[in-house]
Structure formats: C-alpha cells, structure tokens
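> only geometry, no sequence info:
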Ligand code: PEP
Ligand code: MN
C-alpha cells in the first residue's frame, strides 16, 4: 500500500502513519522526495487492511494499492528517477555512463593494458569478473580474491571505479570491500539469499536480468535488495532467451522504455552478452542509447583471441574507441552527455 503525504506534512504525521503500520505488523519504507514523502506499507497482509486505516490520519493526501508484484522498484513509490552515485560518477541522470573492461580478470598485464585503453577512450567505470559463474564447472572460474586485488590496483593506478560480480552470499562483505558496484549476474537474478545479503550492504548493486526472466520478475527481484534498505540499485538488460539462435541472446530493446516508465531505477544495457559477437556489439550499443538507457556495460580485451572467457564478443581497444565517438553523437541527439 502506498501512502502519499501532503506537501509540508510534519514529522509527527509521518511518524503516526509508521506507528499505525507497525501496529498491524507491517514494515515501512520511506521515499523522502523533494516535494513530499511517500510511504510504502509492506507485508503479506496489506491486502486485508482497508485503505481508510491510513487515509483518515492527519497529513495523508492519498492511499492506494500497488497492483504490481514489485513495490519499491515502482514509480508509484518513487516517482523521481533514482540517481546512483559512485565515486563522483552519477548513474541515472543526464550523463550516459559507459562501463568497460574484460569479461574476466586474467592477469595483471591483461587488466592494466585493457583498463588504460578503455579509460583513455572515455569509459568512466571499469568492469572485470573475479568470480565467474560459468555454465560449465570445467571452465575458468576466475582469479577470485587475487582478481579483486588486481581490480583494486587498477582502480588506484587509473583513478576509476570498478564493477565486479559477486556470486555467493558469503562473499558479499569481501567483494564490497573492493568493489564500487557489485554485479549480480543473470544466473543469480533470483538468488534471493544473495539479493537479501546485498540489500544489507550499502555498496551500490547492479542487477542483471535473468536469461529467461520477465521484466516483472526482474523488478520484483530488485525489491529484495531495496527491502533491506539498500536503495543504490541499478538494473542491467543483457538479453534473454528466445528461439533465435544466430545471436547469443536476444536483446530486449523494448524493455528499455518499459523499465524507464515503470521503475525509477537506472537502467544499463550490456550489448556484449546479448550479441555474443564483437561485430554486432556497436549496433546494439547504439540502439540501447537511442532507446533511453542510462549507460552500457561493454566487454573489451586488449587481445580478444587470447581471452580466457568471452573472447568472441570482446571489442579491441581500437574498436571501443571508435564506438565511443559514435555513442557521443547519439548521446547528444537524445539529450545526454557522455
Ligand atoms: C558478465 O557480465 O560477466 C556476465 C557473466 O554476464 P551475465 O551474467 O549477463 O551472463
Ligand atoms: Mn562475459
């Protein structure tokens, strides 16, 4: 249930709504908007409470029910765009943010060379997996803690924040101590133990869409993180399974306007895992920015032929630089700066 307070309502009036919600064993989340406070009343039994329970209280403007399965990720609860701020880089605002780097951290030389190149080309965040959720247990699983240490070294050397994946709820604290953004991979979108642990952290989280998940399921999964009080959440569309097999996944371009309309969370697009082939990455990246995404997550490798993971979809540094120039022109056309 969503309780919208009147403009200028007092702290006592807000407190009274919270007190009443708690007296029915409900939990609450507050959106202290610039204009007015919105209170989400959450709990399995909210459907049984009449809206008058709150509508009669002083300072309350309106009470409504969110019929969607996701509540905290919805625009009803949070009408303004959420901005996630990472070390001076703002995601979800007027600036289009490009995160780039190798699929996996493989070695110091590989990481430093790639990071140097992507930073020079204009990326504002670097990506790199230290823990890799691979489809086969016999494939390279990542350098784990050593990978985190190398990412930290790259961040310090090139003064650029890092995004990296966490796959196990027990590793959240460790990964958060190195990462500026923690990534939840597509295969873990519905790992609720992981999402709950990430919600307890105050490190920003990027939640990728599951390979076969609907937009509703994706936004409802985001609620697990938000419900624990971590509101620094962004989403990443990375393509879904369809019958089409000439590409790795089908990038659901329509999810961009749908998510931007129904949710306040920043939305990134990963053209690399969708395309699965470096040749298709630029076109998909350009379509994403034109469709209204807030940023991109792109795989770049200094020598894709030697990559231990996802070489076929990695851009070379020179392909990436060229793409950045093209993206800047599209960003300008849609009112964003790169
Ligand atoms: C990745 O970004 O490295 C990755 C594994 O992507 P996804 O979870 O989307 O497959
Ligand atoms: Mn990859």
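That came through fine. All figures in this text were calculated on a predicted structure; none of them were measured in a lab. Ligands and ions are numbered 1, 2, ... in the order given.
> quick one: the helix of greatest length in the chain to chain centroid distance?
Ranked by residue count and defined by DSSP state H, the top helix of the chain is helix 317-333. Distance of helix 317-333 from its chain centroid, counting by C-alpha atoms, centre = their mean, to the nearest Å, is 22 Å.
> Can you list the helices and strands that that helix packs against?
Applying 3 or more C-beta pairs under 8 Å, 6 or more residues apart in numbering; DSSP states H and E, one finds that helix 317-333 contacts strand 97-101, helix 108-121, helix 281-291, strand 295-299. Using the backbone N, CA and C atoms, a C-beta is placed for each residue, glycine as well.
> how about those, which one is nearest residue 243?
For residue 243, the closest of these is helix 281-291, at 18.5 Å, according to C-beta to C-beta.
> before we move on, the earlier item: in the longest helix of the chain, what's buried?
317, 319, 320, 321, 323, 324, 327, 328, 330, 331 (16 or more other C-beta atoms under 10 Å).
> same question, stretch 252-269
252-253, 255-256, 259-260, 262-269.
> what's next to stretch 83-94, contact-wise?
81-82, 95, 97, 124-125, 161, 180-181, 204, 232-234, 265-266, 268, 294-295, 335-337 (C-beta atoms under 8 Å, 6 or more residues apart in numbering).
> End to end on that stretch, go ahead and measure it.
Taking C-alpha to C-alpha, to the nearest Å, stretch 83-94 runs 10 Å from one end to the other.
> Distance from it to the middle of the chain?
12 Å.
> same thing with stretch 76-84?
Relative to the centre of its chain, stretch 76-84 is centred 14 Å away, using C-alpha atoms, centre = their mean.
> Contact residues of the stretch 1-150 of the chain facing ligand 2?
Neighbours of ligand 2 within the stretch 1-150 of the chain, by C-beta under 5 Å from the ion: residue 103.
> For the stretch 201-338 of the chain, give the residue positioned nearest to ligand 1.
residue 238 (3.9 Å; C-beta to the nearest ligand atom).
> Give the closest residue to that residue in space, chain neighbours not counted.
Ranked by C-beta to C-beta, 6 or more residues apart in numbering and with sequence neighbours excluded, the top spatial neighbour of residue 238 is residue 270, at 4.0 Å.
> Okay, and the beta partners of residue 233?
Taking DSSP bridges as the rule, residue 233 bridges to residue 205.
> Who are the contact partners of the residue nearest to residue 41 when sequence neighbours are not counted?
Nearest residue to residue 41 in three dimensions, chain neighbours excluded: residue 1, at 4.3 Å (C-beta to C-beta, 6+ apart). Residues in contact with residue 1 (C-beta under 8 Å, 6+ apart) are 40, 41, 46, 49, 51, 54, 63, 64, 65, 66.
> Quick one: residues contacting the fifth one.
Residues counted as contacts of residue 51 (C-beta under 8 Å, 6+ apart) are 1, 63, 64, 65.
> Repeat that for the last one.
With contact set as C-beta under 8 Å, 6+ apart, residue 66 has these partners: 1, 2, 40, 74, 76, 77.
> ok, which pair from those is furthest apart?
1 and 74 (12.3 Å).
> Just the strands from the stretch 151-300 of the chain, written as ranges.
Shown for the stretch 151-300 of the chain, the strands assigned by DSSP state E, counting those that start in this stretch span residues 162-165, 181-184, 205-208, 233-237, 267-269, 295-299.
> near ligand 2 at all, the third one?
So the one you mean is strand 205-208. No - using C-beta under 5 Å from the ion, strand 205-208 stays clear of ligand 2, coming no nearer than 10.9 Å.
> Would you mark the buried spots in that strand?
205, 206, 207, 208.
> The last one touches residue 182, doesn't it?
No - under the criterion of C-beta atoms under 8 Å, residue 208 makes no contact with residue 182, lying 11.4 Å away.
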